[in-house]
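> Got a predicted structure plus its sequence, pasted below:
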Amino acid sequence: TAVQSAINAATGTVDLLGKTYRCDSSLTMTASQNGVTLKNGTLNFSQSTANFYLKINGTLGTATALTGNIAIGDTVIAVTSASGYAIGDYAHLKDSSTYTVTTSGEIVLITDVSGLNITIAGGAQHAYTTANSATLAEITPARDVRVEDVTIVGTTSASGTKVRAIHAEMTQRLTLEDVEIDTFEDYGLLLAATIDTDIHGLAIRRDAGAGAGILMDE
């Protein structure tokens, strides 16, 4: 669509100029759009059969296997390779026994890398074992994305399952300001593995059905 093309080319603000745009497919904003603002218009997905309307997401690197178990509160993670990890990076710690809606495990902040030992801030919130294939993977979040003064119009009869109006995953400093979501199939807003999300003036409306307005995940 024209909106997606404008997002892909943007380095600053995509101004919708107060107009309404018919969107028959999903719109995505990734780490390639760090610092981009989408503002001032209506996105009409009422004819769309996509599983989400606007997806804002970072990326997950290749998983590194743990060489030792992690207990709740542990701050040092022993891995098979620490290549590519650096102080200040965020990473995703998980094993097959932990489960959340879109990902499993938790986000950790790396404070030190020494050999094959990675130190994290605050300690692990869950326990992880090598028997359950525990891994660590670097997160490259979509940073400083803003959605401002935007209305998203959806449908309650979309053919896909778990249709989300806004799906934000692996983001950092995401801002939603004066955003209105009008009709959706499953979730109005899903936040998964997000860091420092700022929401002001969010309105979510759905006339019928069992969908959730906001779902927050780790």
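It's in.
> so how far is the first residue of stretch 61-69 from its last?
21 Å (Cα to Cα, to the nearest Å).
> Going by neighbour count, which residues of that stretch are buried?
Going by neighbour count (16 or more other Cβ atoms under 10 Å), the buried part of stretch 61-69 is A63, T64, L66. (Each C-beta comes from the backbone N, C-alpha and C, glycine too.)
> pretty sure the second one contacts I77?
No - if you go by Cβ atoms under 8 Å, T64 and I77 don't touch, sitting 9.2 Å apart.
> re earlier: so for the buried residues of stretch 61-69, which is the shakiest by pLDDT?
The member of these with the lowest pLDDT is A63, at 92.
> Can you get me a residue count around the residue lying closest to it once chain neighbours are set aside?
Excluding the flanking residues, the one nearest A63 by Cβ to Cβ, 6 or more residues apart in numbering is T135, at 3.9 Å. By other Cβ atoms under 10 Å, 21 other residues sit near T135.
> which residues does T135 form a beta bridge with?
A65, K94 (DSSP bridges).
> Can you give me the pLDDT of it?
94.
> OK, contacts around it?
When contacts are counted by Cβ atoms under 8 Å, 6 or more residues apart in numbering, T135 touches A63, T64, A65, L66, L93, K94, D95.
> which of these lies closest to V150?
K94 (32.6 Å; Cβ to Cβ).
> any weak-confidence spans in the chain?
For the chain, the stretches with pLDDT under 70 are 98-104, 157-161, 207-211, 217-218.
> So for it, the centremost residue is which one?
Centroid-nearest residue in the chain, with Cα atoms, centre = their mean: E169, separated by 0.8 Å.
> okay but I204 is in contact with Y187, surely?
No - I204 lies out of contact with Y187 (Cβ under 8 Å); the separation is 9.4 Å.
> Overlap of the contact sets of these two?
Common neighbours of I204 and Y187 (Cβ under 8 Å, 6+ apart) are A165, G213, I214.
> Name the member of those with the most neighbours.
That'd be A165 among the shared contacts of I204 and Y187, by other Cβ under 10 Å, with 27 neighbours.
> That one: which element?
strand 164-169 (DSSP states H and E).
> I'd like the next helix or strand past that strand.
Counting by DSSP H and E, the element after strand 164-169 in chain order, helix or strand, is strand 171-172.
> what are the pairing partners of the helix or strand just after that next one, and which direction each?
Downstream of strand 171-172, the next assigned helix or strand under DSSP H and E is strand 175-182. Next to strand 175-182 in the sheet, as set by DSSP bridges, lie strand 146-153 (parallel), strand 198-205 (parallel).
> residues contacting L60?
Contacts of L60 (Cβ under 8 Å, 6+ apart): H92, A137, E138, I139, T140, M170.
> oh, I was asking about A9
Counted by Cβ under 8 Å, 6+ apart, A9 has zero contacts.
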